[in-house]
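>>> Predicted model and sequence follow; I will ask about them next.
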Amino acid sequence: MTADTAVNNELSPDAAKGRMLDFQNGLRLAHLLYVVAELGVADQLAAGPLPVDEIAKRVDAHPGTLYRALRAVASRGVFTEVAPSTFALNTMAETLRSDVPGSLRDHFRYEGQPALQQAYAALGHSVRTGESAFEHVHGTDLFSYLNARPEMGKIFNSAMGEIVSHLQSVAVASYDLTGVRKVVDIGGGHGYLVARILQRYPQMRGVVFDQPEVVPGAVDVLADAGVVDRAETASGDYLAAVPAGADAYVISHVVHQLSDEEAITVLRNIREVMDPAGRVVVLDPVIPEGDVPHPGKFLDIVMMALTPGRERTEAEFAALFRAAGLRHAETVALSAPSSVVVAVAD
């Protein structure tokens, strides 16, 4: 029994009911945060506190209901009511500004999209059948849906850039790639990870590999990072083939979107073309056993609702590697939100 479980078991019946009802209020809090992020309230307060009437005018909202929404989120520490009906930013609300490093605004906007909310409401389908709730509701997979809706896709890419960039920074700092000559980022998106790696290792070359409609966005990112002379982009389907000849293949927050069969296919494709002495570096949460709290356990529910994938334990990663002709070599930062799971040729 973990310490956290022991505390839960010691709650009185009334305290347990109160805590359960507070969990339910968390759903309402999430919806309110989606709303204030979509309206851009935090951006309006960047220069200082404002009366709610003025905020409402700037964001095209109803003053009375906007006040009630801000009063509620302020009671949980997001924004602060500095005078009657006058609100200001605080540390947590600052994260919802669109012009700050590591902004979470688009993350909350993305999570509030009706298409995702409908999928979460259908989680019971996933639990009963093992199938993606998103595909059940919308008749297509998440990424096909996004590709057909460029505006939502833009919010998604920004949101993932914000969150994954932070997790990648921690992972990159925790794992040493010294000696690697060439790295390929599988599903590399707009190239933020390759840019960060090449900045850290000035002798290395990098490839951003993703879908044809995605990789053009990497060019500016690589240029802004000052590494475009050592980087290139390549496009294709990682379930079919991947670029050959690198001595390190990084897969960041991709494996957890895939079924076991798809994950094995990607890993096998890498195994077939990687340098014999190379390595595969997976950046994903690694789920601890038992009741131990870990953010990956709730990210796993996101995967359940939206994709055929899942978060995995260290043993489950090792099994995927074996099936692809690889061997689990080590796991770094095991308890971190995103760990580094390394495999080599078997």
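The structure has been received and is ready for your questions.
>>> Can you list the buried residues in stretch 97-112?
Residues of stretch 97-112 classed as buried: 97, 103, 104, 105, 106, 107, 108, 109, 110, 111, 112 (neighbour count, 16 or more other C-beta atoms under 10 Å). Every residue, glycine included, has its C-beta placed from N, CA and C.
>>> How far off centre is the longest helix along the chain?
Among the segments of the chain that qualify as a helix by DSSP state H, the longest is helix 13-39. Centroid separation for helix 13-39 versus its chain: 21 Å, with C-alpha atoms, centre = their mean, to the nearest Å.
>>> Check which residues of that helix are buried.
For helix 13-39, by 16+ other C-beta under 10 Å, it's 32, 33, 34, 35, 36, 37, 38, 39.
>>> Looking at those, spot the one nearest residue 291.
Using C-beta to C-beta, residue 33 is the member of the buried residues of helix 13-39 that sits closest to residue 291, with 27.2 Å.
>>> tell me the contacts of the closest one?
73, 78, 96, 108, 112 (C-beta atoms under 8 Å, 6 or more residues apart in numbering).
>>> do you know how far the residue nearest to residue 286 when sequence neighbours are not counted is from residue 176?
Sequence neighbours aside, residue 339 is the residue nearest to residue 286 in space, at 4.2 Å (criterion: C-beta to C-beta, 6 or more residues apart in numbering). Here the criterion is C-beta to C-beta, to the nearest Å. By it, residue 339 lies 15 Å from residue 176.
>>> Kindly report the same for residue 29.
For residue 29 relative to residue 176 (C-beta to C-beta), the value is 40 Å.
>>> again, but for residue 141
From residue 141 to residue 176 the distance is 36 Å (C-beta to C-beta).
>>> Those two: who's more crowded?
residue 141 (16 against 11; other C-beta atoms under 10 Å).
>>> Just the pLDDT at the more buried one, thanks.
Looking at residue 141, its pLDDT stands at 96.
>>> got it, and residue 167?
73.
>>> what about it, helix or strand, and which?
Counting by DSSP states H and E, the element that carries residue 167 is helix 150-174.
>>> ditto for residue 109
With DSSP H and E as the test, residue 109 turns up in helix 105-111.
>>> I'd like the next helix or strand past that helix.
helix 114-121.
>>> tell me how far that following helix is from the chain's mean position?
17 Å.
>>> Next: stretch 212-220.
Worked out by C-alpha atoms, centre = their mean, stretch 212-220 lies 19 Å from the chain centre.
>>> and that stretch, how far apart are its ends?
16 Å (C-alpha to C-alpha, to the nearest Å).
>>> and what of stretch 287-301?
OK, stretch 287-301 end separation, C-alpha to C-alpha: 12 Å.
>>> Tell me if residue 81 really is in a strand.
Yes. With DSSP: H, G, I helix; E, B strand; the rest coil as the criterion, residue 81 is part of a strand.
>>> Compute the number of surrounding residues for it.
Residues near residue 81, counting by other C-beta under 10 Å: 16.
>>> again, but for the one 5 residues further on
If you count neighbours by other C-beta under 10 Å, residue 86 ends up with 16.
>>> sorry, back to before: in its sheet, what does whatever helix or strand comes next after the helix holding residue 167 sit against?
Moving toward the C-terminus from helix 150-174, the first helix or strand encountered (DSSP H and E) is strand 182-186. Using DSSP bridges, the strands paired with strand 182-186 are strand 205-210 (parallel), strand 248-252 (parallel).
>>> doesn't residue 80 make contact with residue 70?
No. Using C-beta atoms under 8 Å, residue 70 makes no contact with residue 80, being 9.5 Å away.
>>> mind giving me the domain split of the chain?
Structural domains assigned to the chain are 3-100, 180-291+308-345, following automatic domain parsing.
>>> hang on, residue 242 in a strand?
No. Going by three-state DSSP, the assignment for residue 242 is coil, not a strand.
>>> That one - how many residues pack around it?
Count around residue 242 with other C-beta under 10 Å applied: 25.
>>> Identify the residue spatially nearest to it, adjacent ones excluded.
residue 269 (5.0 Å).
>>> Between residue 70 and residue 80, which is the more surrounded one?
Comparing residue 70 with residue 80 by other C-beta under 10 Å, the one with more neighbours is residue 70, at 24 against 16.
>>> what does the model give that one for pLDDT?
98.
>>> How far does stretch 302-318 sit from its chain's centre?
The answer for stretch 302-318 is 13 Å, by C-alpha atoms, centre = their mean.
>>> repeat for stretch 95-104
15 Å.
>>> same deal with stretch 147-161?
On C-alpha atoms, centre = their mean, the centre of stretch 147-161 falls 13 Å from that of its chain.
>>> So for that stretch, what gets flagged as buried?
152, 153, 155, 156, 157, 158, 159, 160, 161.
>>> Next one: the nearest residue to residue 138 once chain neighbours are set aside from residue 71, what distance?
Spatial nearest neighbour of residue 138, excluding adjacent residues (C-beta to C-beta, 6+ apart): residue 145 at 5.7 Å. For residue 145, the distance to residue 71 equals 35 Å [C-beta to C-beta].
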